[in-house]
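Student: Fold the following and give me the result.
(chains A and B)
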Amino acid sequence: MAVYKRSYKPYEGRITSDRWRFLVLTRYGFSGLFDSRLFTGAFVLSFVPFLIGFTAVYMAHSSALQTMLQMRGPSPLAMNSFFFLAFLGFHAWISFLLTTWQGPQLVASDLANNALPLILGRPISRAEYVLGKFLVIATLLSIITWVPMLILFFLNAGLEGNGWLWSHLWLGGAIFLASWMWIAIVGLVALAASAWLKWRVAASAVMLAFFFVGPGFGAAINATLHTSWGHIFDILYAVKLIWVGLFRVPISTAHDLDMLGIPVWAAWCTVAATCGLSLLLLNRRLKAREVVRG
Amino acid sequence: MSRLAQLRKSFSEQPWELWTRQIAAILRMDLRKNFFSRRGIWIYLLAFAPVVIIALHAIIDRADPNQIHTDTEVLAGIFQFFYLRFGIFFGCLGIFTWLFRGEVIEKSLHYYFLAPVKREVLLLGKFLGGVVTSVTLFGLGVLASFSVMYAHFGPAGQFYVFSGPGMGQLLAYLGITALACIGYGSIFLMLSLLIKNPIIPAAIVLGWETFSPVLPSLVQRFSVTYYLKQLCPVSIPADGLLALFTVVSEPVSTFAAVLGPIVLATLVLVLACKFVRRFQISYAAD
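Tutor: This next block holds a predicted model:
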């Protein structure tokens, strides 16, 4: 239908307060994400590891179930920091794939359809725009990462008893902090990629390449220049290194896993640089005007 | 007339000359787009990033002729771990998915479809354009890496390349690069025709190519890297966690290893030719 043939009428619904207006973007962002049935299916399937973890925690504490399954001797399911780290790692990968798939459309579609000037023409600042979009990814990733992990943590605490919760409260903090660090990295990289590439497939490809080419590039530097500082270009290595510290993995195990290539502060610098660079790119790209060359 | 004779007659009656001219025209247009667009800068970065690192190594490290063996292994590592696994993979992902989807994004595919060109010819022309671009860029990247690596050894390096095994290794690397571009290129072209957002299948292909060494020997044969790894002139032992689970498979002959990616690409292109006939343009937001 031609634009002049459309009839318009003023909005008569309830107006969101100024402070929370950016949440309108989050709401619409969510509805856009779940437009795809395939994505919704994948989102539901992403809880399968959580269900496995839930069963494992229950089994580890149910002597009746262990007897029924004829499990003798010490339980093979040890509910320690490794267990939570492994499950968090698995969930982090799933959340990364889901963000790579649909995340870049959040900003790219606004840019491709010239909607950004219209949005920023309303009483929404650029920071609020980024926050509104980021919250879409942050909420999605929270549901997949720290929320199910904390459910497992509290389930284990409840079944374990004897003050396990208080003696392992640091583990809950580690789960929360590690997840939010991952959410910040993935979310900001996804937004930056989608802001610079109007084609969301290209944005997804760049996101994938950013996480996978870095390790290859870092390994090339390490092998050629006989150093281990090449790992600073590998964001996945930095994340793993920080997680190993947060989950108090013994030094010997970390050494065996080749996780001591760079100091932890350097890993934090890599994470900070990634987030900072993403914010810088977003700041440069998200303007309420567009320069048309030629 | 027998069926074979009929087929031969029909084959000779096809307008091969016209199709060749059309392919050449499409190739010219695509090469201009691929090589001279700002969009493709990151592919140059992917192809030439190792050259910068090797140049740094050449400047920092003293040229000791006894180090040639070590540097050969380092170069092999860079080729296998950077170029084969990531550089060429992502380069081809960028180049080949753009061939048709890019035209859809730029709303220009209908010009091709309205021209009196068979869609199969268009597909082959575009595929050839992608192959020439990727092979040229990554081939030059590998050539530059190789040259810088051995140039800093002076006469010893020159002797290694021209009178030793160096030239054979260089040709092998260039050949593997070309085969990788053909293999990955055909897969990504097909994926871009089939699916609107081929990133998740591409991530699955990346996972398959990375973790296929831990799978049974028979299953490994369905990956591009299985064939290409066997053609590598210098083998690098796997290390880390993956090495524990790596299944050592029986090597295939060099001829079969070369033929593997080509056969795969041919099969995929035949399928893509069938599919492109039914391809419908939708300029809805991608």
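Student: In stretch B:181-200, which residues are buried?
Tutor: Neighbour counts over stretch B:181-200 (16 or more other CB atoms under 10 Å in any protein chain shown) mark B:181-193, B:197-200 as buried. In this view, the C-beta of every residue, glycine as well, is placed from N, C-alpha and C.
Student: what does stretch B:263-277 give?
Tutor: Buried residues in stretch B:263-277, counted by 16+ other CB under 10 Å: B:Leu264, B:Ala265, B:Val268, B:Leu269, B:Ala272, B:Cys273, B:Val276.
Student: Which neighbouring elements make contact with the helix or strand that contains A:Leu51?
Tutor: Using DSSP states H and E, A:Leu51 sits within helix A:48-61. Helices and strands touching helix A:48-61, by 3 or more CB pairs under 8 Å, 6 or more residues apart in numbering or on different chains; DSSP states H and E, are helix A:63-68, helix A:81-102, helix A:146-160.
Student: repeat that for 7 Å
Tutor: On a contact count with 3 or more CB pairs under 7 Å, 6 or more residues apart in numbering or on different chains; DSSP states H and E, helix A:48-61 meets helix A:81-102, helix A:146-160.
Student: For the closest residue to chain A within the stretch 101-250 of chain B, give me the pLDDT.
Tutor: Across the stretch 101-250 of chain B, no residue is closer to chain A than B:Ile199, which sits at 3.9 Å (CB to the nearest CB). The score at B:Ile199 is 82. That number is its pLDDT.
Student: Quick check: nearest residue in space to it, chain neighbours excluded?
Tutor: Once flanking residues are discounted, B:Ile199 sits nearest to A:Ser204: 3.9 Å by CB to CB, 6 or more residues apart in numbering or on different chains.
Student: could you check the angle helix A:81-102 makes with the strand or helix carrying that neighbour?
Tutor: Element membership of A:Ser204, judged by DSSP H and E, is helix A:200-225. Between helix A:200-225 and helix A:81-102, the angle comes out at 130 degrees (axes from the mean of the first three to the mean of the last three CA atoms, to 10 degrees).
Student: Can you list the low-confidence ranges for the stretch 51-200 of chain A?
Tutor: Within the stretch 51-200 of chain A, the segments meeting pLDDT under 70 span A:70-77.
Student: Could you list the contact residues of it toward chain B?
Tutor: A:Leu97, A:Thr100, A:Trp101, A:Ser109, A:Ala112, A:Asn113, A:Trp199, A:Arg200 (CB under 7 Å from any CB of the partner chain).
Student: are any of those buried, and which?
Tutor: Counted by 16+ other CB under 10 Å, those give A:Leu97, A:Thr100, A:Trp101, A:Ser109, A:Ala112, A:Trp199, A:Arg200 as buried.
Student: in the stretch 101-250 of chain B, which spans are helices?
Tutor: Ranges of helices in the stretch 101-250 of chain B, per DSSP state H, counting those that start in this stretch, are B:109-114, B:119-151, B:155-162, B:166-194, B:199-211, B:217-220, B:224-231, B:241-245.
Student: Buried residues of the fifth one, list them for me.
Tutor: This means helix B:199-211. So helix B:199-211, judged by 16+ other CB under 10 Å, has buried residues B:Ile199, B:Ile200, B:Pro201, B:Ala202, B:Ala203, B:Val205, B:Leu206, B:Glu209, B:Thr210.
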